[in-house]
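**Q** sequence plus the predicted model coming up.
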Amino acid sequence: MSTLRIGIDVGGTNTDAVVVDGPGTVVASTKAATTPDPFDGITSALEQVIAGVDVRRITRAMLGTTHPANAIIQRRELGRVGVIRLAAPSSLAVRPGAAWPKELHETVIGPSAIVGGGFEYDGTEIAPLDVEAVAKFAAQCAGQVSAIAVSSPFAPASNEHELRAAELLAAELGPDFPVSLSHQVGSLGLLERENATILNAALLGVARRVVNGFHSALTGHGIEVDSYLTQNDGTLMTANEAVRFPILTVGSGPTNSMRGACALAGLSDALVIDVGGTSADVGILVDGFPRESSAAVEVGGVRTNFRMPDLISIGLGGGTTVQGSGPDVQVGPASVGYRVVSDALVRGGSTLTLSDISVRAGRLHGFGDPALVSGTDEATVDAALAWTDQQIQIMSERMKASRAAMPLIAVGGGSHLVPDTVPGVSEVIRPANHAVANAFGAAIAEASGAVDRVYRYEPRGRESCVEDAVRLATEAAVRAGAHAKRVRITSVVEVPLSYLPGKACRVQVKAAGPLGA
Amino acid sequence: MRLLTVDDIDELTLGATLLGTGGGGDPYIARLMARQAIEDHGPVTVVDAAELPPDGRVLTVAVIGAPTVILEKVPAGAEFVGAVTALSSFIGEKPVAIMPIEVGGMNTLIPLAVAAELGLPIVDADSMRRAFPQLEMTVFTLAGVPAGPMSMADEKGNVVVFSTTTNQVSEKLARGTAIMLGLANAISCYPLTAGQIIEHGIRGSMTYCTELGKRLAAVQRGEAGAYDEFLSFAQARKYFSGKIVDLDRHTTDGFAKGTVMIEHFDDPGRTMRVEIQNEFLIAFDGDRPVITSPDLVCLLDHENAQPITTEMLAYGQRVDVIGLPCAPEWHREGFLDIVGPQAFGYDVDYVPLGGGQP
């Protein structure tokens, strides 16, 4: 009897759940509305999806949630954070929290200090750690904040001061007082890493509630299993890790959707188009992971150094309005959005939408009465279709990194608009169960490890440095729960750095693999 | 004379990112420094060199080091004041104003923070009006103005002053010192009088940078006609729109060198090659050089018109390649010897922008 996994994805509108078996077949799926308290939605989705499933076969449960992201965006449930940077005399020209939105700053940032400490690029100390200043800061924070964020220059390479500061804070405030250390949260870029660490510390309370809620929903249904949350890059962290590093989950939504769509289609390299009521997003998966955007990502108006999937969006969806007639037709960008079910001509409404055009063209069946759109002339239909097909072709072309044709996976409520053939696309695939692609993406997610550090290629040589990074990433993936024999390297990025001696290069390596037994 | 406030900083930053031509250091941190200094010390007065006494001493200030190190070891502020103070006491004259040496990249904004802290005006001029990788690559070198005496300082209080014989030696000493002092240092060099700036400098470059940023911001907001207005203001031209299909990068002698290949959106048979040495230096349409240093090769994100730095380059990125003529002050005898394609080791002749149909 094979084992089963549960995947749940809490989105802005819907909470999806799936039960998946070992080979990755969907055994059961459901879609419920996201509720004001997300746990009502999770509980009801869980209840529906496990009806008829032998819960004893379930061994793992994965959750993807927008809960921490929404907490930041809506500035609610956030803890107050003490911020200490171990860097003086460097970095005094930019205080912690610089360029934060005012109200978020006021909500989150409590006492802050820049004290002696930190490291140079070559691993020597900028200054010895100012032990007294750390103790004094701890005393100042007592009773004022719910957590403390610690950052320090070059901590990803030299973390000694951050670790020592954590010991000092624990000595003053107790061993259980929550402390977030920057080298465990972010990569290179002190201010962005510090921002991410502060946000992480502010989310610790939310994270605990999410994980406890998830656990009680599971145990309430007799499911006592290992539980995981999905991260921004589409891989998993254990629920225990998620309680400590909630910031790493804030961008998991689009990633789960794209990975889920690809896996449902049985592919690891493909374009994905998600067509909704108002807009369409196109992304690309390479070796099973979304290509990441090169731009710095803001979370709730705060700059961080996380990477998110590279997506292009345009106003093309099932509810997109079609105005004018004949060859001069104007499609969008206005849309009736989710009201397409009542406003479209075929549903008895009075707005000509792309869904009506799709019905006329025979791309969409079983959505309203085709007779209601019969009055629209042929030239209008042709022009609107031509526009739609051209937009989809342009978006696909732009997303591809080479001229070679690739498959295009079409998902989302408006995916009927995607034609069966697109130039430059080898095949258009419409996977079954695509409505629950997000939850499926969570259910099939793997464990991962990453390394991001600066190496000097002289004198030890490039290969030895890259091998070192690969080894560290692999070990991190195994520590995160990946099956030691099935870990693979999913990305290696080398960026040469100017003006640094010894052929310095920033090396970023990611490794991932399915969960071990 | 005008006041530069916190509100003006964003446009200046965007212009500085563009004039960085892919390098010059991400101005983001410098922007935060300028904001904090103006918040703490009040707005900065921007003056034309002609508004200063002709023999008044103007000191430049800049950050020198490695952009990646500066992302981790953010400046203290004190190192810049230290460098200016040291040079001022060495030459025995108090500065009447501060000036950027490089309007392009992060060094556009650092002098603002220093001017705010010292309570001095900032001169609306510089010596490059773009980013260049070495400190002798200035219109002052063209005019025979020495870079020395010059000073360098770190955030811990270490200060060094050099008397130098040539600007090339100044560059070598500065680079070597930076490696020993942690690769995120302050430098003050080219101690000129206001009269010398009028004679040899690139005047109005801060204003030019702000105006450029203002117009690019309008493009980013999607305003009708903004792209044409931006190009026309800069006397620039869009040479190519396409997708990055190949990227090769390596470091040689401390310089991040590389090549990026871009395939045209409309004609996949057409490619543009851009050569990188810290900055984007030369663009070839097929085999033909169309934009060459010291004219500016700028890459903009095709979707949102954000200037792209060399470190952000990625396969599949969709970009516009823009050619911007360099400041006219560069067009003096001997300029190709210090900043032309051959000065960077390319066997390519300079192609003046606007001259001949590319």
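**A** Done, it's in.

**Q** just the element for A:D274, please.
**A** strand A:270-275 (DSSP states H and E).

**Q** I'd like the distance from that strand to the chain centre, please.
**A** Taking C-alpha atoms, centre = their mean, to the nearest Å, one finds strand A:270-275 lying 16 Å from the centre of the chain it belongs to.

**Q** A:S415 reaches A:V275, doesn't it?
**A** Yes: with contact defined as C-beta atoms under 8 Å, A:S415 reaches A:V275; the gap is 4.8 Å. (Each C-beta comes from the backbone N, C-alpha and C, glycine too.)

**Q** hang on, the earlier thing: what pairs with the strand holding A:D274, parallel or antiparallel?
**A** strand A:280-286 (antiparallel), strand A:406-411 (parallel) (DSSP bridges).

**Q** just send those back as TSV, with mean pLDDT too.
**A** Putting those into TSV (pLDDT from 0 to 100) gives the following:
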stretch	mean pLDDT
strand A:280-286	91
strand A:406-411	95
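
**Q** reformat the ones you listed as CSV; add mean neighbour count.
**A** As requested, the strands paired with strand A:270-275 are exported to CSV (neighbours: other C-beta atoms under 10 Å in any protein chain shown):
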stretch, mean neighbour count
strand A:280-286, 23
strand A:406-411, 24
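
**Q** which one of these lies closest to B:I29?
**A** Nearest to B:I29 among those is strand A:280-286; the distance by C-beta to C-beta comes to 30.5 Å.

**Q** which outside residues touch whatever helix or strand comes next after the closest one?
**A** Toward the C-terminus, strand A:280-286 is succeeded by strand A:289-290 as the next helix or strand (DSSP H and E). Residues from elsewhere that reach strand A:289-290, judged by C-beta atoms under 8 Å, 6 or more residues apart in numbering or on different chains: A:233-234, A:254-255, A:258-259, A:283-284, A:309-310, A:490-491, A:510, A:512.

**Q** please, which helix or strand holds the residue of chain A most remote from its centre?
**A** Farthest-out residue of chain A from its mean C-alpha position, per C-alpha atoms, centre = their mean: A:G375, at 44.6 Å. Secondary structure assignment for A:G375, by DSSP H and E: no helix or strand.

**Q** before we move on, back to that, so what touches the strand holding A:D274?
**A** A:257-258, A:261-262, A:280-285, A:316-318, A:392, A:395-396, A:399-400, A:406-415, A:417-418, A:425, A:429.

**Q** so which bits of it are buried?
**A** Across strand A:270-275, burial judged by 16 or more other C-beta atoms under 10 Å in any protein chain shown covers A:A270, A:L271, A:V272, A:I273, A:D274, A:V275.

**Q** how close does the closest residue to B:R203 other than its chain neighbours get to chain A?
**A** Spatial nearest neighbour of B:R203, excluding adjacent residues (C-beta to C-beta, 6 or more residues apart in numbering or on different chains): B:A125 at 4.7 Å. Separation of B:A125 from chain A (C-beta to the nearest C-beta, to the nearest Å): 24 Å.

**Q** B:S205 is in contact with B:A125, correct?
**A** Yes: between B:A125 and B:S205 there is a contact at 5.8 Å, judged by C-beta under 8 Å.

**Q** how close does A:L354 sit to chain B?
**A** Taken as C-beta to the nearest C-beta, the span from A:L354 to chain B is 22 Å.

**Q** so what's that residue up against?
**A** A:L316, A:G317, A:G318, A:G319, A:T320, A:V322, A:V331, A:G332, A:A384, A:T388, A:G414, A:L417.

**Q** B:G242 versus the residue of chain B positioned farthest from its centre, what's the distance?
**A** Here the centre of chain B is the reference, and by C-alpha atoms, centre = their mean the most remote residue is B:G269, at 34.0 Å. B:G269 sits at a distance of 11 Å from B:G242 (criterion: C-beta to C-beta, to the nearest Å).

**Q** now do A:V185
**A** Counting by C-beta to C-beta, the gap from A:V185 to B:G242 is 37 Å.

**Q** who's more crowded, those two?
**A** Counted by other C-beta atoms under 10 Å in any protein chain shown, A:V185 and B:G242 do not tie: A:V185 has more neighbours, with 27 against 23.

**Q** do I have it right that the more buried one meets A:R244?
**A** No: applying C-beta under 8 Å as the test, A:V185 and A:R244 come out as separate, 9.4 Å apart.

**Q** quick check: next helix or strand after the lowest-mean-pLDDT helix or strand in chain A?
**A** Least confident element among the helices and strands of chain A, by mean pLDDT, DSSP states H and E: strand A:297-299 (a mean of 83). As assigned by DSSP H and E, the chain's next helix or strand after strand A:297-299 is strand A:302-304.

**Q** partners of the helix or strand that that following strand is followed by in the sheet?
**A** Counting by DSSP H and E, the next helix or strand C-terminal to strand A:302-304 is strand A:312-314. Partners of strand A:312-314 in the sheet, by DSSP bridges, are strand A:280-286 (antiparallel).

**Q** what sits up against the strand it pairs with?
**A** A:254, A:258-259, A:262, A:267-274, A:290-291, A:309-314, A:316-317, A:391-392, A:395-396, A:398-401, A:406, A:412, A:414, A:417, B:316.

**Q** again, 6 Å this time
**A** A:258, A:262, A:269-274, A:290-291, A:309, A:311-314, A:316, A:395, A:399 (C-beta atoms under 6 Å, 6 or more residues apart in numbering or on different chains).

**Q** re the thing from before, I'd like the mean pLDDT over the strand holding A:D274, please.
**A** Strand A:270-275 carries an average pLDDT of 94.

**Q** just the CA trace of that strand, in PDB.
**A** Taking only C-alpha atoms (Å, rounded to 0.1, in the frame of the first residue of the first chain), the coordinates of strand A:270-275 have been written out as PDB:
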ATOM      1  CA  ALA A 270       8.300  24.300 -20.100                       C
ATOM      2  CA  LEU A 271       6.600  27.600 -20.400                       C
ATOM      3  CA  VAL A 272       3.600  28.100 -18.200                       C
ATOM      4  CA  ILE A 273       0.700  30.500 -18.900                       C
ATOM      5  CA  ASP A 274      -1.800  31.200 -16.100                       C
ATOM      6  CA  VAL A 275      -4.900  33.000 -17.600                       C
END
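
**Q** and which of the buried residues of strand A:270-275 is nearest B:N167?
**A** A:L271 (52.2 Å).

**Q** tell me how far that closest one lies from chain B.
**A** Distance from A:L271 to chain B, by C-beta to the nearest C-beta: 11 Å.

**Q** now that residue, nearest residue through space, not along the chain?
**A** Per C-beta to C-beta, 6+ apart, closest to A:L271 is A:L408, 4.6 Å.

**Q** done for today, thanks.
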